[in-house]
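> The following block contains a protein sequence and its predicted model.
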Amino acid sequence: MGNLRHSVFVTFFIPVMALLLIFQLTSSLYAKTAQAETHRVRVGLITNADKLAFKTTGKYQLINKNSGEIIANLKPGERWELTVNNNRMVLTKNGEPAGEFNDPLVVQGATATPVSILSAVTTISSNGSNLAALSGDGKVTNLGTDLSKYQVRSASGVQPMTAGNSELALITLEGPGNTKRYRGDMEFKISNTGQLVAINELPVEEYLYGVVPSEMPVSFGLEALKAQALAARTYALRAALNNKNMDFDLAPTDASQVYGGYDAESPMANRAVQETAGEVITYQGQLIDAVFFSSSGGFTDNSEDVWKNYVPYLRWKEDPYDKNDKHYNWVVYNTVDQLTNRVNQGLAQLGYQQQFGQVQALEEVARTSSGARVKAMRINGLGLDGSPLTVEVANADRVRVVLGLKSSLFTWEQQRDEAGNLTAITITGSGWGHGLGMSQYGARGMAEQGYNYRQILQYYYTGVDIVPNYGR
């Protein structure tokens with residue numbers, strides 16, 4: 001009888017209790033994974049290639065996006081190449097013809113995202129088609145496919161858990177000039193100009209693994225990296241909303257956020273992303289435009305002074321935390337000819353039609369609300385036809401573009417000959433970037449002084465809230 005009780009206890013009671021402990025948890029890692037999966041972003045990695053190639057690691061299929069037809073089950077080591085002929089994609093596999101296609105092609109994970117949660121006594125795993133719990137004595141219980149209904153709780157409260165793919169799946173993309181590895185799926189299509197486009201689609205959290213260490217040195221510390229993760233997550237999700245009718249949401253460069261894919265990842269940055277998963281920055285319930293930049297030079301500024309529009313959470317403030325040895329008191333010296341060339345390049349970049357034959361003077365018109373940056377500047381000189389020409393440039397970000405400077409926080413000294421003609425200009429300034437929102441060096445400084453990521457973000461973005469679950 002005693003042996004029977006022991007057997008029942010081992011085979012039934014322990015597994016059931018283990019499952020109960022797990023299912024009752026208030027913090028659901030599965031739910032969090034499911035939420036991340038619903039927040040996917042599309043990154044336009046390459047938009048104008050004549051030839052692309054890819055390889056895969058892990059389980060992938062090549063699919064016709066429009067018809068859903070499975071073209072091939074991809075095997076690691078196979079090299080697939082795409083070129084364009086008569087506006088059709090020509091596909092080869094290891095150098096052998098593999099078909100021609102008008103429709104977009106997608107390299108897609110062969111299963112839904114596999115996940116596993118490990119505790120001391122129980123493993124829950126999913127291969128995308130089923131969910132099962134494995135108790136400590138090896139008993140398997142099928143749980144169905146709806147992961148979102150499960151919650152996880154341990155006897156002593158919320159416990160650290162381990163989650164992740166049992167097999168890392170990556171796509172190696174060979175593009176013009178470089179080769180990188182990426183998580184998620186990859187879509188290939190032909191652009192309106194008849195060239196190949198490669199779009200990486202993946203959960204926003206995995207996208208952030210490749211963004212955070214590309215935008216901020218991991219040496220800046222965990223709290224600064226967490227602040228960067230929230231700023232980047234908020235920026236990406238807002239971009240996805242704004243660009244939902246476009247081919248892709250984000251560029252992989254500083255035109256959006258720098259994204260280096262899997263090869264850019266670091267354990268510290270991944271930890272910052274994971275420990276803030278789902279958290280975003282909002283103002284009055286809406287995702288903010290979470291702009292950031294490298295170094296403030298000691299002051300951030302108002303949005304309407306730097307760009308154009310008033311934004312209530314982008315307000316100027318003194319920034320004592322930003323101080324660094326890299327972006328303060330820089331000096332730029334230009335002869336008058338160098339200055340004229342620089343100004344003409346900047347005016348053309350901003351779409352001005354005017355061009356100078358020679359710049360004769362720079363005149364400050366206004367400073368920003370902080371008093372630190374040049375908000376408006378008047379450029380006097382002679383046009384290409386020798387007639388007098390004056391061009392006024394505003395706001396602050398356009399001033400730095402026209403002069404080709406790291407920042408619009410600067411002063412200048414104009415050198416003249418005995419006849420009063422401008423011969424050269426020496427500009428002394430501080431900071432790097434537009435000066436709106438979060439300073440990355442400032443985030444580093446605050447982290448070093450013991451502030452956490454919430455305090456960092458609420459210092460640089462006025463009146464904002466930090467909320468979970470992607471703001472839902």
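Happy to help now that I have it.

> And for the residue lying closest to residue 385 once chain neighbours are set aside, the neighbour number?
Spatially, and ignoring its direct neighbours in sequence, residue 385 is nearest to residue 357 (7.5 Å; C-beta to C-beta, 6 or more residues apart in numbering). Quick note: C-beta positions are derived from backbone N, CA and C, even for glycine. Look at residue 357: counted by other C-beta atoms under 10 Å, it has 14 neighbours.

> List the neighbouring strands of the one helix or strand residue 357 maps to plus their orientation.
Using DSSP states H and E, residue 357 falls within strand 356-367. If you go by DSSP bridges, strand 356-367 pairs up with strand 374-383 (antiparallel).

> CA-only coordinates of the strand it pairs with, as PDB, when you get a sec.
Backbone C-alpha positions of strand 374-383 (Å, rounded to 0.1, in the frame of the first residue of the first chain) are rendered in PDB as follows:
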ATOM      1  CA  VAL A 374      22.400  79.300 -33.400                       C
ATOM      2  CA  LYS A 375      18.800  79.200 -34.400                       C
ATOM      3  CA  ALA A 376      19.000  81.500 -37.500                       C
ATOM      4  CA  MET A 377      22.000  82.800 -39.500                       C
ATOM      5  CA  ARG A 378      22.400  85.200 -42.400                       C
ATOM      6  CA  ILE A 379      25.000  84.500 -45.000                       C
ATOM      7  CA  ASN A 380      26.200  87.500 -47.000                       C
ATOM      8  CA  GLY A 381      28.400  87.500 -50.100                       C
ATOM      9  CA  LEU A 382      28.500  87.500 -53.900                       C
ATOM     10  CA  GLY A 383      26.400  85.200 -56.100                       C
END
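
> which residues of the stretch 101-250 of the chain score low on pLDDT?
Scanning the stretch 101-250 of the chain for pLDDT under 70 picks out the ranges 111-166.

> quick one: the helices in it?
Along the stretch 101-250 of the chain, counting by DSSP state H, counting those that start in this stretch, helices occupy 204-215, 222-242.

> Give me whichever of those helices is most buried.
Ranked by mean neighbour count, the helices of the stretch 101-250 of the chain are led by helix 204-215 with a mean of 26 (mean count of other C-beta atoms under 10 Å).

> picking that back up, got the helices of the stretch 101-250 of the chain as CSV, with distance to residue 169 columns?
As requested, the helices of the stretch 101-250 of the chain are exported to CSV (distance: least, C-beta to C-beta, whole Å):
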stretch, distance to residue 169
helix 204-215, 11
helix 222-242, 21
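
> Could you count how many residues lie near residue 175?
Burial of residue 175 is recorded as 16 neighbouring residues (other C-beta under 10 Å).

> what's near enough to touch it?
Residues counted as contacts of residue 175 (C-beta atoms under 8 Å, 6 or more residues apart in numbering) are 45, 46, 49, 52, 198.

> now do residue 63
Neighbour list for residue 63: 69, 70, 71, 105, 106, 107, 108 [criterion: C-beta under 8 Å, 6+ apart].

> now, which of the contacts of residue 175 sits nearest residue 317?
Relative to residue 317, the closest of the contacts of residue 175 is residue 45; by C-beta to C-beta it sits at 36.5 Å.

> Which strand or helix spans that closest one?
Using DSSP H and E, residue 45 sits in strand 40-49.

> Could I get the CA-only coordinates of that strand as PDB?
What follows is strand 40-49 as a C-alpha-only set of coordinates in PDB (Å, rounded to 0.1, in the frame of the first residue of the first chain):
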ATOM      1  CA  ARG A  40       6.800  43.000 -36.000                       C
ATOM      2  CA  VAL A  41       8.800  45.500 -38.000                       C
ATOM      3  CA  ARG A  42      10.000  45.500 -41.600                       C
ATOM      4  CA  VAL A  43      13.500  46.900 -42.300                       C
ATOM      5  CA  GLY A  44      14.500  47.800 -45.800                       C
ATOM      6  CA  LEU A  45      18.000  46.400 -45.800                       C
ATOM      7  CA  ILE A  46      18.800  46.800 -49.500                       C
ATOM      8  CA  THR A  47      16.700  48.700 -52.000                       C
ATOM      9  CA  ASN A  48      18.800  48.800 -55.200                       C
ATOM     10  CA  ALA A  49      20.800  45.700 -55.900                       C
END
